[in-house]
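Asks: I'll drop the sequence and a predicted model, then ask my questions.
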Amino acid sequence: MTHRSMDSNARGLAERGIATLRYQFPYMEKGSKRPDPPRIAHAAVRAAAAEAVRLVPDLPLYAGGRSFGGRMTSQAQAAEPMDGVEGLIFLGFPLHPARKPGIERAEHLARVKVPMLFVSGDRDALAELGLLRPVLAELGERATLHVVSGADHSFRVAAKETEALDGIADWISRAA
């Protein structure tokens, strides 16, 4: 939650007039490197979304996250829609493990009924565009892809992070 990139993303979105709510998965709280099982991660996502609605009930809510957090958010939404969530935003959706291309991690996306924004670098080793584009095409108008040229999965170059955040802000302003 306090990682440099998470802080930078939150500050960058705030500069664009978009509030964020950061939270940690239980495994991060414990200092573990092993991610939580989905049922625990989904519960954390649901708790964060419910807290956001409680804190600012009059603002539109877009849930999502970076990498694992985004995937857990989409799985939670696919299993049972979260109250108040108007759309999902993924910064580096992990379509597949590095060096193991596949689309199995996307199967649940067909059950997500709210609009989704996928922000992905064209050099993302966890979401090869040749695999991601057809998956999103199957989702139709619910899925929007914003490709950041030259960016990898972490959007490490500051200019690429800025481009990614601009894409998120533009999508939210058109959707809200």
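Replies: Received, thanks.

Asks: and residue 20, what pLDDT?
Replies: The model reports residue 20 with a pLDDT of 96.

Asks: Just give me the neighbour total for it.
Replies: A count of nearby residues for residue 20, using other CB atoms under 10 Å, gives 13. All C-beta spots, glycine's among them, are computed from the backbone N, C-alpha and C.

Asks: that's a helix at it, yeah?
Replies: No. Counting by DSSP: H, G, I helix; E, B strand; the rest coil, residue 20 is not part of a helix but coil.

Asks: Tell me the spacing between it and residue 67.
Replies: For residue 20, the distance to residue 67 (CB to CB, to the nearest Å) stands at 16 Å.

Asks: Next: residue 26.
Replies: Residue 26 is 17 Å from residue 67, by CB to CB.

Asks: These two - which one has more neighbours?
Replies: residue 67 (17 against 13).

Asks: I'd guessed that one sits against residue 95; true?
Replies: No. Using CB atoms under 8 Å, residue 67 is not in contact with residue 95; the gap is 10.5 Å.

Asks: Now do the shared contacts for those two.
Replies: residue 126 (CB atoms under 8 Å, 6 or more residues apart in numbering).

Asks: quick one, helices of the chain?
Replies: If DSSP state H is used as the criterion, the helices of the chain fall at 4-15, 26-29, 38-55, 68-79, 129-139, 158-175.

Asks: Next, the angle from the fourth one to helix 4-15.
Replies: Helix 68-79 and helix 4-15 are oriented at 70 degrees to each other (axes from the mean of the first three to the mean of the last three CA atoms, to 10 degrees).

Asks: and helix 68-79, what does it pack onto?
Replies: Contact here means 3 or more CB pairs under 8 Å, 6 or more residues apart in numbering; DSSP states H and E; on that basis helix 68-79 packs against helix 38-55, strand 61-66, strand 85-91.

Asks: Relative to residue 149, how far out is residue 58?
Replies: Note on residue 58: its distance to residue 149, by CB to CB, is 36 Å.
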